[in-house]
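Novice: structure for this input, please:
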Amino acid sequence: MLTYNLKKDRKTPLYLGLYDGVREDIRSGALRPGERLPSKRTLAEHLGVSVVTVDAAYKLLIDEGYAVSRERSGYYVAGSAPRRALPESAASAGRTDVGAAQVEPGFKYSALTKIMREVISVYGERLLIKPPATGCPELREAIAGFLLRYRGMRADPARIVVGSGAEYLYGMLVQLLGRERVFAVEDPGYEKIRLVYEANGAAVRLLPLKGDGVDSGALARCGADILHVTPYHSYPTGISASASKRREYLAWASAGERVVIEDDFDSEFAVTRRPQETLFAMDGGERVVYLNTFSHSLAPSMRMGYMVLPERLMEAYRERLGFYSCSVPAFDQYVLAAFIDRGHFERHLNRVRRRLRNM
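Specialist: So this is what the prediction gives:
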């Protein structure tokens with residue numbers, strides 16, 4: 001096996017150093033098109049790093065076109081030139097771009113297209129009516145039912161806000177919570193979270209991640225009002241917050257007028273067990289905003305996300321932002337509502353989870 005040059009720099013995460021090393025081996029010809037790469041576990045043991053580090057590096061290599069993943073076979077050097085160069089910050093390669101660059105195998109297009117035809121037939125001219133600002137009641141109720149079954153959350157449909165993807169909702173949250181508030185985010189983390197907050201005029205603090213979540217000392221010293229975390233699966237590290245760390249987040253939020261934004265990225269694909277209880281459920285919906293999207297769990301083009309707001313923030317939303325029109329077309333909302341209500345969404349998730357267990 002090649003040495004695989006692992007570039008170590010205190011300012012550069014290990015997964016980026018590994019990405020750079022393998023990319024250089026591919027560009028130099030030391031690794032040839034079609035050549036099999038070591039398994040994640042083998043390479044992790046060889047380099048003395050975690051499997052999570054290798055997984056993050058391989059995901060970037062795949063996203064940039066340097067490598068491919070073959071089911072039940074492993075990872076290989078791609079046979080063609082990469083699509084594009086890595087951005088200055090590898091973290092700017094979005095979660096959806098990496099995690100769902102393609103629609104998951106086994107997706108039932110036939111069920112989706114059948115529902116599309118039925119929606120056109122049943123709703124008719126009602127599809128031309130502008131949906132309510134927070135989203136169609138049918139979709140909000142379907143989401144609430146799914147959250148109860150799949151995440152053990154009791155979410156009031158009246159407190160669910162539908163929008164065109166997570167990034168749109170990040171911007172809405174800055175307007176809702178206030179541009180004068182300080183937002184704290186995970187580091188490393190999904191780069192667009194920071195970029196959207198800063199683009200909307202908010203100050204951002206970067207909090208280093210440890211093995212079980214955000215560093216406690218950094219959180220205590222950050223001076224932030226809002227904490228944005230991905231407790232189930234932080235991108236790109238794959239770190240999940242421990243139960244004690246989740247309680248720590250809630251304890252932090254209870255000191256003053258603070259809010260935790262729970263970005264539940266990737267929880268639908270828990271392989272061996274149900275993901276841990278959400279912060280929203282642990283808190284009772286008082287200080288936590290729950291946020292998720294269908295772009296990763298269904299398809300990148302499905303630009304739909306949603307957030308569940310605490311009652312006090314829902315009242316503020318109606319007062320300050322209720323004039324906004326819903327950014328998701330009514331047709332798409334009715335289709336997704338029926339797709340969820342008829343069980344297609346959960347069956348799709350179960351198929352993906354079975355496939356992941358067998359990899």
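Novice: just the C-alpha atoms of the helix or strand where residue 167 lies, please, in CSV.
Specialist: Element membership for residue 167 (DSSP states H and E) is helix 166-177. C-alpha atoms of helix 166-177 as CSV (Å, rounded to 0.1, in the frame of the first residue of the first chain):
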residue,chain,number,x,y,z
ALA,A,166,-32.1,24.9,4.9
GLU,A,167,-30.2,27.9,3.7
TYR,A,168,-33.4,29.9,3.2
LEU,A,169,-34.5,29.0,6.7
TYR,A,170,-31.1,30.0,8.2
GLY,A,171,-31.6,33.5,6.7
MET,A,172,-35.2,33.6,8.1
LEU,A,173,-33.8,32.8,11.6
VAL,A,174,-31.4,35.7,11.6
GLN,A,175,-34.3,38.0,10.8
LEU,A,176,-36.5,36.4,13.4
LEU,A,177,-33.9,36.2,16.2
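Novice: I'd guess residue 162 is in a strand, am I close?
Specialist: Yes - under DSSP: H, G, I helix; E, B strand; the rest coil, residue 162 sits within a strand.
Novice: now residue 214: phi and psi?
Specialist: phi -60, psi 140 (degrees, to the nearest 10).
Novice: what's the burial count for it?
Specialist: Neighbour count for residue 214, taken as other Cβ atoms under 10 Å: 27. No exception for glycine: its C-beta is placed from N, CA and C like everyone else's.
Novice: what distance do you get for residue 212 to residue 226?
Specialist: According to Cβ to Cβ, to the nearest Å, residue 212 stands 21 Å off from residue 226.
Novice: pLDDT weak spots in the stretch 1-150 of the chain?
Specialist: 1-12, 64, 79-106 (pLDDT under 70).
Novice: helices or strands up against whichever strand or helix holds residue 21?
Specialist: Using DSSP H and E, residue 21 sits within helix 14-28. On a contact count with 3 or more Cβ pairs under 8 Å, 6 or more residues apart in numbering; DSSP states H and E, helix 14-28 meets helix 51-63.
Novice: distance between the next helix or strand after the helix it packs on and the chain's centre?
Specialist: Next along the chain after helix 51-63, taking DSSP H and E as the criterion, comes strand 67-70. For strand 67-70, the separation from the chain centroid amounts to 22 Å (computed by Cα atoms, centre = their mean, to the nearest Å).
Novice: other residues contacting strand 67-70?
Specialist: 22, 26, 37, 58, 61-62, 75-79 (Cβ atoms under 8 Å, 6 or more residues apart in numbering).
Novice: tell me what the very next helix or strand once past it is packed against?
Specialist: Counting by DSSP H and E, the next helix or strand C-terminal to strand 67-70 is strand 74-77. With contacts taken as 3+ Cβ pairs under 8 Å, 6+ apart, strand 74-77 sits against helix 51-63, strand 67-70.
Novice: per-domain residue ranges of the protein.
Specialist: 14-86, 109-357 (automatic domain parsing).
Novice: circling back to that earlier point, nearest to residue 244, out of the helices and strands packed on strand 74-77?
Specialist: Residue 244 lies closest to helix 51-63 among these, at 19.7 Å (Cβ to Cβ).
Novice: buried ones in the closest one, by neighbour count?
Specialist: Buried residues in helix 51-63, counting neighbours by 16 or more other Cβ atoms under 10 Å, are found at 52-63.
Novice: export the residues you listed to TSV and tack on distance to residue 230?
Specialist: Putting the buried residues of helix 51-63 into TSV (distance: Cβ to Cβ, whole Å) gives the following:
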residue	distance to residue 230
52	14
53	17
54	20
55	16
56	14
57	19
58	20
59	15
60	18
61	22
62	20
63	18
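Novice: secondary structure element for the residue nearest in space to the middle of the chain?
Specialist: The centre of the chain sits closest to residue 265, judged by Cα atoms, centre = their mean, with a distance of 3.1 Å. Following DSSP H and E, there is no helix or strand that holds residue 265.
Novice: the residue nearest to it when sequence neighbours are not counted: what's it in contact with?
Specialist: Counting by Cβ to Cβ, 6 or more residues apart in numbering, residue 265 lies nearest to residue 230, which is 4.9 Å off, once chain neighbours are set aside. Applying Cβ under 8 Å, 6+ apart to residue 230 gives the contacts 186, 189-190, 263-266.
Novice: and residue 177, by the same measure?
Specialist: Counting by Cβ under 8 Å, 6+ apart, the residues that residue 177 touches are 225-226, 259, 313.
Novice: got a pLDDT number for it?
Specialist: Per-residue confidence at residue 177 stands at 96 (pLDDT).
Novice: one more: residue 256?
Specialist: At residue 256, the model reports a pLDDT of 83.
Novice: cool, the one 4 residues further on as well?
Specialist: Here the pLDDT value assigned to residue 260 is 98.
Novice: could I get the contacting residues of it?
Specialist: 226-229, 249-250, 252-253, 279, 283, 287-289.
Novice: tell me the least confident of those?
Specialist: Ranked by pLDDT, the contacts of residue 260 bottom out at residue 283, which scores 90.
Novice: surely that one meets residue 250?
Specialist: Yes - between residue 283 and residue 250 there is a contact under Cβ atoms under 8 Å: 5.4 Å.
Novice: quick one: which of the contacts of residue 230 is most hemmed in?
Specialist: Highest neighbour count within the contacts of residue 230: residue 263, with 29 neighbours (other Cβ under 10 Å).
Novice: would you mind measuring from that residue to residue 52?
Specialist: Taken as Cβ to Cβ, the span from residue 263 to residue 52 is 18 Å.
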